[in-house]
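Colleague: have a look; sequence and predicted model below, questions after that.
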Amino acid sequence: MIKLVKGFKDILPEEAGLWQHVEMLVRELLEDFGFAELRIPILEQTELFARSIGTSTDIVEKEMYTFIDRSGESLTLRPEATASVVRAYIEHRLYAKNPVRKLYTIGPMFRRERPQKGRYRQFYQINAEVFGLHDPRADAELILLLMTFMGRLELSGIVLHINSLGCPACRPRFKDALKSFLTGRSEQLCSDCLRRRDKNPLRIFDCKVPACKETMQDAPSILEHLCNTCQSHFEIVKTSLDRFQMPYQVNPRLVRGLDYYTRTTFEVLAETLGAQDAVAGGGRYDGLVKALGGPDQPGIGFAIGIDRLMALLAGRAQDFEKRPHIFIAAIGEQAQNIAFQWVQDLRRQRVRAEMDFENRSLKSQMRRADKLGVTYALIVGDRELDDGAAVLRNMTTKEQEKVSLQNVVTLVANRIRAEQSIH
RNA sequence: GUGAGUGUAGCUCAGUCGGUAGAGCACCGGGUUGUGGCCCCGGUGGUCGAGGGUUCAAGUCCCUUCACUCACCCCA
């Protein structure tokens, strides 16, 4: 039997309704906040990711699905969306009319990591990016948008962490301070951290090895090394969040894996998710647009992991399954033919009608109606055909009424429409 | 890439000291004329992950291998 590729998954019909609902909610909200959808391809030139994400990151070093196309060029299945959005912003000169653009995109990303709970090789993200705004209130607004979305989904047990990574002016100074702190403490660090020390010392803050954690307790904090501009930027982000009563936790150890981040970074953590507990994350990337050959415009964005969101919403999937409205139980060939016509007519009026083509016993057809969860069953057999009226049964109240054969479709359609407008 | 755990029916799982495969749920049918859920009865469904070995005999013991899961790493 041919099976799924490792780390990939199918989204089954039972869950697809919830996915649709979540996507609808987020589109609505993003558009209210002035975002427009940008649809971008899944494949890009490898160099785009190498240059934006950073060549020494794990993603670029060992996690990308890269292959040589028949023409000889190196292509990569996108491991994240920001690079592509920036590429499109530059390539189509989206900054020309107005440098301020708010864009969102939804779709799959690919990273070849070892799969585990909440981590797949193809995973889905909702991405929002804002270009052209330096103001820290833009950072706060984006975070508020993200948290509003979480709120609308009625998620509990989630925490917002924020931090500032500084800018090209102050981050090097901090790195130096960190390096000199680490000098002479190599004994206390694990082998991974020793490797990180030269490459990307900020990552040591993330290490879970107890000895490293202990050592890093006394390490200098980035927040104490921010330049004045970065410091006041971060202050305004915080006071803006305060102003809207948005709770957050300042986490100086929040270091993000992609090289392009500057100043504000944030993550939404969910305690019930296990080891992969980040549902969403993002930050500011002021140098990226220019680095990729565009104008010197700042950027800020976030990504929401839809798969992880779904894990948090598990159990609510059944509320969004589209059940049929009515099941027509027809006994005998003549009745089946009439029922077949009714089903088609009802669907034309946007009523979800189902029937059985196998001429089963009424009992088994009723059982089927019950399983489908319909509110109405329509019964028609020789008796009803002679009588000129079918029997409409309300499955919850068990009330039955006669409906003349001529009026069946309109009556049923009206009845169901009326019920929907109540809910 | 590294480590640990788990593989028996569609799903969740039992299976004793090695003796020829089981339950619950699901599915199909029945419980007197043409009416669902609850209850009762019956039925379909298995290469016991795969390959090899030991044995009169292997789901069970041994070896190999594959898959899945969780964790490390990293991140959504």
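Modeller: Arrived safely, thanks for sending.
Colleague: can you pull out the helices in the stretch 1-150 of chain A?
Modeller: A:13-32, A:46-53, A:58, A:82-91, A:136-152 (DSSP state H, counting those that start in this stretch).
Colleague: compare the ones you listed and say which comes out lowest on pLDDT.
Modeller: Sorting the helices of the stretch 1-150 of chain A by mean pLDDT places helix A:58 lowest, at a mean of 83.
Colleague: does stretch A:179-192 reach RNA strand B?
Modeller: Yes: part of stretch A:179-192 sits near RNA strand B under the criterion Cβ under 7 Å from any atom of the strand, namely residue A:192. (Glycine included, C-beta is placed from N, CA and C.)
Colleague: may I see the buried residues of that stretch?
Modeller: Under the neighbour-count criterion of 16 or more other Cβ atoms under 10 Å, stretch A:179-192 has A:182, A:189-190 buried.
Colleague: now those as CSV including pLDDT?
Modeller: Formatted as CSV, the buried residues of stretch A:179-192 follow (pLDDT from 0 to 100):
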residue, pLDDT
A:182, 79
A:189, 74
A:190, 72
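Colleague: quick one: which of the residues you listed sit in helices?
Modeller: When DSSP state H defines the helices, the subset of the buried residues of stretch A:179-192 inside them is residue A:182.
Colleague: between the buried residues of stretch A:179-192, which is nearest residue A:17?
Modeller: Lowest distance from residue A:17 to the buried residues of stretch A:179-192 (Cβ to Cβ) belongs to residue A:190, with 45.4 Å.
Colleague: just checking, that closest one touches residue A:212?
Modeller: Yes: between residue A:190 and residue A:212 there is a contact under Cβ atoms under 8 Å: 5.5 Å.
Colleague: okay, residue A:161: pLDDT?
Modeller: In this model, residue A:161 is scored at 95, pLDDT.
Colleague: picking up where we left off before, residue A:420: which of the helices of the stretch 1-150 of chain A is closest?
Modeller: Residue A:420 lies closest, by Cβ to Cβ, to one member of the helices of the stretch 1-150 of chain A: helix A:13-32, at 16.3 Å.
Colleague: closest to RNA strand B out of the helices of the stretch 1-150 of chain A?
Modeller: Closest to RNA strand B of those is helix A:58 (Cβ to the nearest atom of the strand; 4.2 Å).
Colleague: quick one, what contacts residue A:319?
Modeller: residue A:18 (Cβ atoms under 8 Å, 6 or more residues apart in numbering).
Colleague: what's the distance between it and RNA strand B?
Modeller: Plainly put, residue A:319 is 18 Å away from RNA strand B if you go by Cβ to the nearest atom of the strand, to the nearest Å.
Colleague: next, that residue: secondary structure please.
Modeller: Assigned by DSSP: H, G, I helix; E, B strand; the rest coil, the conformation of residue A:319 is helix.
Colleague: which residue is the nearest non-sequential neighbour of the residue sitting nearest the centre point of chain A?
Modeller: Centroid-nearest residue in chain A: residue A:306, 2.8 Å away (criterion: Cα atoms, centre = their mean). Distances taken as Cβ to Cβ, 6 or more residues apart in numbering put residue A:124 closest to residue A:306, at 4.0 Å, once the chain neighbours are dropped.
Colleague: that neighbour reaches residue A:108, doesn't it?
Modeller: Yes: judged on Cβ under 8 Å, residue A:124 makes contact with residue A:108 at a distance of 5.3 Å.
Colleague: can you redo the buried residues of stretch A:179-192 as CSV with distance to residue A:389?
Modeller: CSV is the format used below for the buried residues of stretch A:179-192 (distance: Cβ to Cβ, whole Å):
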residue, distance to residue A:389
A:182, 87
A:189, 84
A:190, 80
